[in-house]
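S.K.: Pasting the sequence and the predicted coordinates here, then a few questions.
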Amino acid sequence: MQSETRVFLGSSAIKSHWGGAAARSVVARGKKLFSGEAGCSDCHSGPDLTNNATIDVGKGAPTQVPALLGVGARAPFLHDGCATTLADRFAPACGGAFHGNVAAIGANDIPDLVAYLESL
């Protein structure tokens, strides 16, 4: 029996089986951004998606880089809860340019990154 997953794109959800082309495509784009332009994998790497370093991500105090496995189920997000959704994490109030390379990605890229993070 195949599992079902939901990939959230803004306010709408695409329901698809794991092998669904739409879900696969969105998550793949998000993973590419995560590992490339967005710079997430500079700190969120390895099998648990953390380098275990302690750094300041633009919040004024050094904090441990958390593992991202299962991150979609752990709201609110970031060390101080500044992001109520994964999409909010990319806002300037949640570290902005100090937390990855958010200047290199556009608003249209955020749903893809969120879909990838929710797939972890």
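M.R.: Right, received. Where do you want to start? Numbers count the residues shown, from 1 in each chain.
S.K.: OK, contacts around the closest residue to Asn52 other than its chain neighbours?
M.R.: Leaving aside its sequence neighbours, Asn52 sits nearest to Val65 (C-beta to C-beta, 6 or more residues apart in numbering; 6.4 Å). (Glycine included, C-beta is placed from N, CA and C.) Under the criterion of C-beta atoms under 8 Å, 6 or more residues apart in numbering, the contact list for Val65 reads Cys43, His44, Thr50, Asn51, Asn52, Ala53, Thr54, Ile55.
S.K.: phi, psi of the second one?
M.R.: Dihedral pair for His44: phi -100, psi 80, per degrees, to the nearest 10.
S.K.: Is it correct that it is in contact with Thr50?
M.R.: Yes. Under the criterion of C-beta atoms under 8 Å, His44 makes contact with Thr50 at 6.0 Å.
S.K.: Between the two, which contacts overlap?
M.R.: Val65, Leu68.
S.K.: For those two, indicate the residue with more neighbours.
M.R.: A direct count of neighbours by other C-beta atoms under 10 Å for His44 and Thr50 places His44 higher, at 21 against 16.
S.K.: Just the pLDDT for that one.
M.R.: In this model, His44 is scored at 95, pLDDT.
S.K.: One more: Glu37?
M.R.: pLDDT, Glu37: 95.
S.K.: Next: Cys82.
M.R.: Reading off the model, Cys82 has pLDDT 88.
S.K.: tally of neighbours for the residue nearest to it when sequence neighbours are not counted?
M.R.: Using C-beta to C-beta, 6+ apart and skipping the chain neighbours, the partner closest in space to Cys82 is Cys94 (4.4 Å). For Cys94, the tally of surrounding residues (other C-beta under 10 Å) stands at 21.
S.K.: show me what contacts Cys94?
M.R.: Gly58, Phe77, Leu78, Cys82, Ala83, Asp88.
S.K.: The same query, at a cut-off of 10 Å, please.
M.R.: Val57, Gly58, Lys59, Phe77, Leu78, His79, Asp80, Gly81, Cys82, Ala83, Asp88, Val102 (C-beta atoms under 10 Å, 6 or more residues apart in numbering).
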